[in-house]
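Predicted model and sequence below, questions to follow.
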Amino acid sequence: MNYLYFLYIEFLQRHNIPKLFGDITYYFIPFCIIAIALLVVVLGLVLAERKLLGFFTQRKGPNRVGWWGLLQTLADAFKLLCKENITPDKADRFLFNLAPVLVFVPIIAALGIIPYSAEFTFVNTSTNVILYLILAAFPVLSVFLAGWASNNKYSLFGAARSIAQVLSYELPITFVILSVVVLASSMNLTGITLAQTSKWWFSGWFIFPGILGFIILFICILAELNRCPFDLPEAESELVCGYNTEYSGMRFAIFYLSEYAMLFANAMFISILFLGGYLSPFGKYLFGSSFLIYFEQAFWLLLKASVIVFIIIWIRATLPRLASFDLIKFSWVYLLPLSILNLFVAVIIKFAGAGG
Amino acid sequence: MTTTTTTLKLNLGPQHPSTHGVLRLLLELDGEKILSCEPDIGYLHRGMEKMAEKMSYIQYLPTVDRIDYLAGFFYSELLCRIVEKALEVEIPQKVRAIRVMLLELNRISSHLLWIGMFLMDLGATSPFFYTFREREMILRYFEKISGQRMMYNYFVFGGVRRDIDYLEDVDEILSILPSKLKDYENLIEKNPIFIRRVVNKGILEKETALNYSITGVNLRSSGADFDTRFQDSLYSGFDIGKVILKEKNSMARYRARILEIKESMKIVRQALDYLKKAPALEQKLINPVNMKLPEGDYFADIEAPRGIASCFVRSYGEKEPYRLKWRTGSYYSVNLLRKLLVGEYLNDAIAIAGSLDIILPEVDK
């Protein structure tokens, strides 16, 4: 158990509330905090993406609602809330309504196991890398449910494409993560972060021994997120809107929200694995030993994640969509062998380092 | 347990983001593989031909721009040409230069739009905005001279509505465009994903193209040397470059359009140089009031951006034509989808259909 947990229990005991109550409720609190923080982050992300795409294409982006368009996404979200929820006539009602709920749960759970700073992890298990891997692959289930239950041909195509995509890209991701686990000798995200500490600035980050792994993971994450150039499941010019064609109102908003939440969660995940997580790139923290250090650490993690998100948006502005067969082939023919090679390299580096 | 497999019928359109208007494709799919394709047109039919039979020629003239809203000048040029031919009126040299310049600028704007739309079909959104930015310069110029961005109504029987002006704008367009084309080259043509999506996709053999009456860029990028501008009296005296590619695929169609923009720029340059030195316009317009075409059949054709456009008029010496018929390039490209899309996968099919440059108002008329 960690620092936050003890703080919480101490707080309860001071008010004469039994420890058992704290044990049970402790795990609900982070979800509420995350859910609220998530909304803010996603609203910011959506605006950032629209603004950046605007700048890339020589437009101004949203600039009417609020100063510099800051309230635009809020207005959009409000509009979606007000809209009617339409369920198609021949849709499977239960699954159709279940899909947006299911897509949201694993994402909040995934955000709960990320170490934001040294003492700020809601759920800290010894193998939370594996847990994250499972949670990150989970949304595809709801994508498939959405596509299947909609009873729409375009949705079905989108869902089928999504399944094929995740199946082929999950394997390289696993191998890359294994290589990081080998380098760090830890399956815990905090452990991986701490393994990247070094004396000289950012020389300990795993991106240096694992640059190949970083690139592979980055590409795979793009595919997992259905982001351009791997946006086949929701290819607008082909499948109208893919798996969420039939969704409207709040249900659509939830899909939209979860997409961006997943984007940010995965960006943080890459930062933890390869860019030193919450470690400062200067080797030592600006706020020495005061408690502000936790905020500084969180700031570094969010900054690194934002850089990753920026690159992902940049890619979206530049590249066309892959052909469907190239997509599968690219993973099995190039990424999978390369990720296995990367694992070997990691093992050799680890043992050479240990021997020497 | 036995399983039976059936094919999937998919209605692509008429409301679909990448059907460039309202085209409906009835696809029969096996997985994502297309077994057959049946184009269904007519959702944008405005009765352009029947309408002509009840209108005098000058009443009909403003409407013909709407046949192809991306290349309006070509269709008003055709109708003007029919009337001028029938009444045996020779247009002055300066009018010729004006018309050639505007037609070629219009061709450039149409091709620019196509580049953006094609990349949009392939899933890249940015080039769409870049090409629209360049197209905007041309449309602004058109607006300055004719008062309209797309429906110009600038060519009239025997000449043009008023003298050409703002030539420095054309100078600016011609100086900016080459660097922008270079940008497209860097952004699009060198992109490996783009190359994978267009090379070896949508092979159109020369014989097939000829059998399906394909004309224009699509035919020329299949290796056929067929460009009516070389026989066109309007273009006589202008030095026109030939754009003929032999690759037959979507990439060739893309390259051909880029090259054609470059060639068109050269023609615009020639016309512009002439117009700068030319004296003020002196033209004798045909009086359109109560104008009657002598009895007979008249025909005119021109190399429009989407293939040969032609107009046929049968007149019985009345104020209105007895019958007026348009031939437009896209109509035949739509028919070609029936053959070209079979055996392709859905996401390649969108790219191939996009590469043919189909504009639905032109198909449905």
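Ah, there it is.

what's near enough to touch the closest residue to chain B within the stretch 51-200 of chain A?
The minimum distance from the stretch 51-200 of chain A to chain B, using CB to the nearest CB, falls at residue A:57 (3.7 Å). From N, CA and C alone the C-beta is placed, and that goes for glycine too. Residue A:57 sits next to A:317, B:125-126, B:128-130 when contact means CB atoms under 8 Å, 6 or more residues apart in numbering or on different chains.

thought residue A:59 was touching residue B:132?
No - counting by CB atoms under 8 Å, residue A:59 sits too far from residue B:132 to count as a contact (10.2 Å).

Of the two, give the one with the bigger neighbour count.
Shown here are residue A:59 and residue B:132; by other CB atoms under 10 Å in any protein chain shown, residue B:132 has more neighbours (18 against 14).

these two touch, right, the more buried one and residue B:116?
Yes - between residue B:132 and residue B:116 there is a contact under CB under 8 Å: 5.9 Å.

pretty sure residue B:43 contacts residue B:16?
No - between residue B:43 and residue B:16 there is no contact under CB under 8 Å: 11.4 Å.

which secondary structure element contains the residue of the stretch 201-350 of chain A found nearest chain B?
Among all residues of the stretch 201-350 of chain A, residue A:321 sits closest to chain B, at 2.8 Å; criterion: CB to the nearest CB. Element membership of residue A:321, judged by DSSP states H and E, is empty: it is in no helix or strand.

quick one: residue A:174 from residue A:305, how far?
21 Å (CB to CB, to the nearest Å).

Mind checking which of the two has more residues around it?
Set side by side, residue A:174 and residue A:305 show more neighbours around residue A:305, with 24 against 16, by other CB under 10 Å.

For residue 200, grab phi and psi.
You didn't pick a chain, so chain A it is. Backbone geometry at residue A:200, expressed as degrees, to the nearest 10, gives phi -100, psi 110.

oops, chain B please
Dihedral angles of residue B:200 (phi, psi; degrees, to the nearest 10) stand at phi 70, psi 10.

Could you verify my assumption that it touches residue B:249?
Yes - counting by CB under 8 Å, residue B:200 touches residue B:249, with 5.9 Å between them.

more crowded one of these two?
residue B:249 (20 against 13).

Mind checking the pLDDT average for stretch B:301-312?
Stretch B:301-312 carries an average pLDDT of 90.

The lengthiest helix in chain A and chain B, are they touching?
Assignment by DSSP state H gives helix A:153-184 as the longest helix of chain A. Yes - for helix A:153-184, a contact with chain B is found by CB under 8 Å from any CB of the partner chain, at A:153, A:157.

neighbours around the residue of the stretch 201-350 of chain A closest to chain B, how many?
26.

from chain B, which residue is nearest to chain A?
Here chain B gets closest to chain A at one residue, residue B:123, 2.8 Å apart by CB to the nearest CB.

got the contact list for the closest residue to that residue other than its chain neighbours?
Nearest residue to residue B:123 in three dimensions, chain neighbours excluded: residue A:321, at 2.8 Å (CB to CB, 6 or more residues apart in numbering or on different chains). Residues counted as contacts of residue A:321 (CB under 8 Å, 6+ apart) are A:228-232, A:235, B:122-124, B:193, B:197, B:347.

So, low pLDDT: which residues of chain B?
Along chain B, segments meeting pLDDT under 70 span B:1, B:17-19.

what does it have sitting close to chain A?
Within reach of chain A by CB under 8 Å from any CB, chain B has these residues: B:8, B:10, B:16-18, B:32, B:119-126, B:128-130, B:133, B:187, B:191, B:193-194, B:196-197, B:345-348, B:350.

filter the residues you listed to the buried ones?
Among the residues of chain B next to chain A, those classed as buried by neighbour count (16 or more other CB atoms under 10 Å in any protein chain shown) are B:10, B:16-18, B:32, B:119-126, B:128-130, B:133, B:187, B:191, B:193-194, B:196-197, B:345-348, B:350.

Quick check: strands, which of those are part of them?
Counting by DSSP state E, these place residue B:10 in strands.

Check which residues of the longest helix along chain B are buried.
The single longest helix within chain B, with elements called by DSSP H, is helix B:93-122. By neighbour count on 16+ other CB under 10 Å, the buried set for helix B:93-122 is B:94-122.

Which neighbouring elements make contact with that helix?
Applying 3 or more CB pairs under 8 Å, 6 or more residues apart in numbering or on different chains; DSSP states H and E, one finds that helix B:93-122 contacts helix A:236-239, helix B:72-86, helix B:126-146, strand B:159-160, helix B:167-184, helix B:192-198, helix B:250-277, helix B:346-355.

How far does that helix sit from its chain's centre?
8 Å (CA atoms, centre = their mean, to the nearest Å).

what angle do that helix and helix B:167-184 make?
Interaxial angle, helix B:93-122 versus helix B:167-184 (axes from the mean of the first three to the mean of the last three CA atoms, to 10 degrees): 30 degrees.

what's the neighbour count on the closest residue to residue A:341 other than its chain neighbours?
With sequence-adjacent residues excluded and distances taken as CB to CB, 6+ apart, residue A:341 is closest to residue A:212, at 7.4 Å. By the measure other CB under 10 Å, the count of residues near residue A:212 is 16.

Look at residue A:212 and report its pLDDT.
As predicted, residue A:212 sits at a pLDDT of 88.

so who does it touch?
Residue A:212 sits in contact with A:338, A:341-342, A:345, where contact means CB under 8 Å, 6+ apart.

what about the residue lying closest to residue A:165 once chain neighbours are set aside, which SS state?
Residue nearest to residue A:165 in three dimensions, not counting chain neighbours: residue A:223, with 5.5 Å by CB to CB, 6+ apart. Secondary structure for residue A:223, judged by DSSP: H, G, I helix; E, B strand; the rest coil, is helix.

list the buried ones in the longest helix of chain A?
Of the residues in helix A:153-184, A:153-166, A:168-184 count as buried by neighbour count, 16+ other CB under 10 Å.

Give me the mean pLDDT for that helix.
Rounded mean pLDDT across helix A:153-184 is 87.

helices or strands up against the next helix or strand after it?
Sequence order places helix A:189-195 as the next helix or strand after helix A:153-184, per DSSP H and E. Under the contact criterion of 3+ CB pairs under 8 Å, 6+ apart, helix A:189-195 touches helix A:128-137, helix A:153-184, helix A:249-274.

what residues does helix A:189-195 touch?
The contact list for helix A:189-195, computed with CB under 8 Å, 6+ apart, reads A:113-115, A:118, A:121, A:124, A:128-129, A:132, A:180-181, A:183-186, A:204, A:206, A:272-273, A:276-279.

quick one on the thing from earlier: pretty sure residue A:323 is one of the things the residue of chain B closest to chain A touches, is it not?
No - counting by CB under 8 Å, residue B:123 stays clear of residue A:323, with 10.1 Å between them.
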